[in-house]
Each structure stands twice: as C-alpha cells, then as structure tokens.
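A.B. asks: Return atomic coordinates for the entry below.
(one chain, ligands or ions: 1)
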Amino acid sequence: MSATNQPQRALGCVEFASLFQNPLLEEPRAHGAPADVRRRYHQLARLAYHVCAACPLIDECLYRSVVQVNVAGYAAATTPHQRALIRARLKITVDPEDFDTLAGVTGRHRQVDHAEVVRLRRANPQDSLEDLARRLGCSLSTVKRHLRRERNNPSPPAPRRPAPSHEQVRAVAAEVTGRVASGVRAA
Ligand code: SF4
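C.D. replies: This is a model prediction of the structure:
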C-alpha cells in the first residue's frame, strides 16, 4: 500500500494504449503522405505529447529511450526520428531493440547482423540457441553460423564512451524538439 493511500494511476501510455499503439504514430510517416494522413498524424502526436508532458516519469523515460533502449514508437514526448537525432548529437548509438524483441516476439525469418547475434548471446548466456533464433526472428542455422564465425574470428571490443548525463540528454532533446529543457511548451 502506498504511504498516501492514493490509488496508483496507470502511466499515460498504458492508460491511452490505443493512442500510443496507433499504427500512424508507431510507424515512420511515408514521405509524401496525403494531407489528411499528415493532419491525423499531427493530431495524434499532439495528444501523445500532452500525455507524456504530464507524466511524472518523463525525464527517466526520455533518458531510457534515448540512451539505454532503442524503443519503437512515440515515447517521452519524442518520435523515433527525434530520438535518433538526439543520439547523433550526443554521439551515442543504442542497439536497435524494440518492444517486440524485448518481449521475445518476432515475425517471419529476417536478416540479422553479426553484432546483433553476438550481443544477444552475450546478454543471454543461459538461453538455448533455439530461443535466440526465435527472438532474433532468424533460423537456428543462422545463429550457429554467426556464433561459429565469432569463435573463429572474435570481434574487437567496441570502444566505450561514457554515458551522457540526464542533463545532457534533456538539453539536447530540448534543442532537437524545440521545447524548453524542463517543462512544456505548447506543441
Ligand atoms: S513519458 Fe514515457 S512513461 Fe510517461 S506516458 Fe510518455 S511514454 Fe509513457
């Protein structure tokens, strides 16, 4: 029970899941989309923006979705494109990992790159290769081939940059989105 006995409210993106999971918000807009599609997109983005702006976790959510996990869709009042711009300015890269991958849900077999297979193996040493293949959405033989290549010719360790601070992420996000760093300006 919470100290204040106040009922806990669901996060806005959970409470308004149909908004945040609207395909128009989740997928990048096609170039040259018709005017009515663009108008609808802006309506949805404005609504989602106000939900995130009122969320008590927005700072943490922004940091996590920029620095730690490359989530899909709209999060922390930013689009995936804006988060990519923020990462570029911060000179950081984050492994592409969407909610589906995190949840172990995949579609049909797809191309995976070598680093992706190796990273997932290192992160999940207890998992079977079948599990890894399922999570990567590729065949078992593809996983085995990449792990064999890694054994025979190990990848050099990636150079590590220090993680940016929350303040840096907030400041760069403000530059990219054109909003003030702490607080909300009308979308
Ligand atoms: S800031 Fe993050 S946790 Fe909060 S509503 Fe937006 S997406 Fe959800």
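A.B. asks: Residue ranges in the protein under the pLDDT threshold?
C.D. replies: Scanning the chain for pLDDT under 70 picks out the ranges 1-8, 28-30, 95-111, 157-160, 180-187.
A.B. asks: what does it put close to the ligand?
C.D. replies: Counting by C-beta under 6 Å from any ligand atom, the chain comes close to the ligand at 11, 12, 13, 51, 52, 55, 57, 58, 61, 75, 76. C-beta coordinates here come from the backbone N, C-alpha and C atoms, glycine included.
A.B. asks: and the fourth one, how far is that from residue 90?
C.D. replies: When you say that, I think you mean residue 51. Between residue 51 and residue 90 the computed distance is 25 Å (C-beta to C-beta, to the nearest Å).
A.B. asks: next one: the fifth one
C.D. replies: Taking C-beta to C-beta as the measure, residue 52 and residue 90 are separated by 20 Å.
A.B. asks: With the last one instead?
C.D. replies: As for residue 76, its distance to residue 90 is 15 Å (criterion: C-beta to C-beta).
A.B. asks: Also the third one?
C.D. replies: Taking C-beta to C-beta as the measure, residue 13 and residue 90 are separated by 23 Å.
A.B. asks: Check residue 123 too.
C.D. replies: Counting by C-beta to C-beta - residue 123 and residue 90 are separated by 23 Å.
A.B. asks: Would you mind telling me which of the two has more residues around it?
C.D. replies: More neighbours surround residue 90 than the other of residue 123 and residue 90, with 18 against 11 (other C-beta atoms under 10 Å).
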